[in-house]
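*Asks:* Predicted structure and sequence below. I'll ask about it afterward.
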Amino acid sequence: MLNDLVADRDRLLWYLSSAAAKKETRTALTNQLDVHALRVGGPQSLSHGVTAQEYLIPAGAKFGIIHPEQPCEARFGERLRLVAFGVSAPELRYPQALEIALAWQAEAPPGADYTAFVHLVDAQGQRRTGTDVLLGGEEGHPTSQWEVGAQATTRHLIPLPADITPGEYQLVVGLYDMAGVRLLLPGGETAYPLATVKVR
């Protein structure tokens, strides 16, 4: 549906969201627009619970759900393995958001609940933004219930901070338990470098 709005030139779109609509539908549409289009100004409250938000849709934009199609090998604590990932775009500009999909698999019974984090870090290794998602939480099947071979996908929506400067940033991913202790990679690292993202 959203791809029908894409043209060969930039265009403006007003998105009207009603509180009466299903939350899942509103969230899915807003996430797609935040990832593939640019917010213009802030939301405006109208009557009867309706909110209006203006977006700039860049020429040639492609809307769609991001899938973890890029293979990778990252083993965490000899229990969990990141087998594939997907990133919405290698380049973006504020106020766009990044969407990341991560495919996980158990190599041994994890025995505890783990949360997956994705951080956007600068050249000095400082975290600029990121999100944390309970692994298996969306399916109601956290890792403490996993057996060998169990799989799940986590989805991370990462908005860019308003004060971010143009340049290259690194996406890093990792896992931690309920006490905040991170699982280690084979080399002792606590985070895996996933991809480089350029902010324009």
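*Replies:* Nice, I can see it.
*Asks:* Can you spell out the domain ranges of the chain, please?
*Replies:* The record's domain parsing of the chain by automatic domain parsing lists 2-57, 70-199.
*Asks:* Comparing those, which comes out most buried?
*Replies:* Using mean count of other Cβ atoms under 10 Å, the stretch among the domains of the chain with the greatest mean number of neighbours is domain 70-199 (a mean of 17). Placement of C-beta: from N, CA and C, glycine included.
*Asks:* contacting residues for G167?
*Replies:* Contact analysis of G167 by Cβ atoms under 8 Å, 6 or more residues apart in numbering lists 122-123, 198-199.
*Asks:* who wins for proximity to F63 among the domains of the chain?
*Replies:* Between F63 and these, the shortest gap by Cβ to Cβ is with domain 2-57, which sits at 4.0 Å.
*Asks:* Does W14 touch T51 like I think?
*Replies:* No: using Cβ atoms under 8 Å, W14 is not in contact with T51, being 10.7 Å away.
*Asks:* if I look at I65, how far off is Y94?
*Replies:* Using Cβ to Cβ, to the nearest Å, one obtains 23 Å as the distance from I65 to Y94.
*Asks:* And G41, by the same measure?
*Replies:* Applying Cβ to Cβ to G41 and Y94 gives a distance of 13 Å.
*Asks:* Likewise for G149?
*Replies:* Computed with Cβ to Cβ, the distance linking G149 and Y94 is 41 Å.
*Asks:* distance of the residue lying closest to V40 once chain neighbours are set aside from R128?
*Replies:* Using Cβ to Cβ, 6 or more residues apart in numbering and skipping residues adjacent in sequence, the residue nearest V40 is E54, 4.2 Å away. For E54, the distance to R128 (Cβ to Cβ) stands at 26 Å.
*Asks:* Next: Q44.
*Replies:* Look at Q44 and R128: by Cβ to Cβ, they are 29 Å apart.
*Asks:* ditto for S45
*Replies:* Between S45 and R128 the distance, using Cβ to Cβ, works out to 30 Å.
*Asks:* now A19
*Replies:* Relative to R128, and taking Cβ to Cβ, A19 is found at 32 Å.
*Asks:* avg pLDDT for stretch 125-136?
*Replies:* Predicted confidence along stretch 125-136 averages 94 (mean pLDDT).
*Asks:* Next: stretch 59-70.
*Replies:* Averaging pLDDT along stretch 59-70 yields 82.
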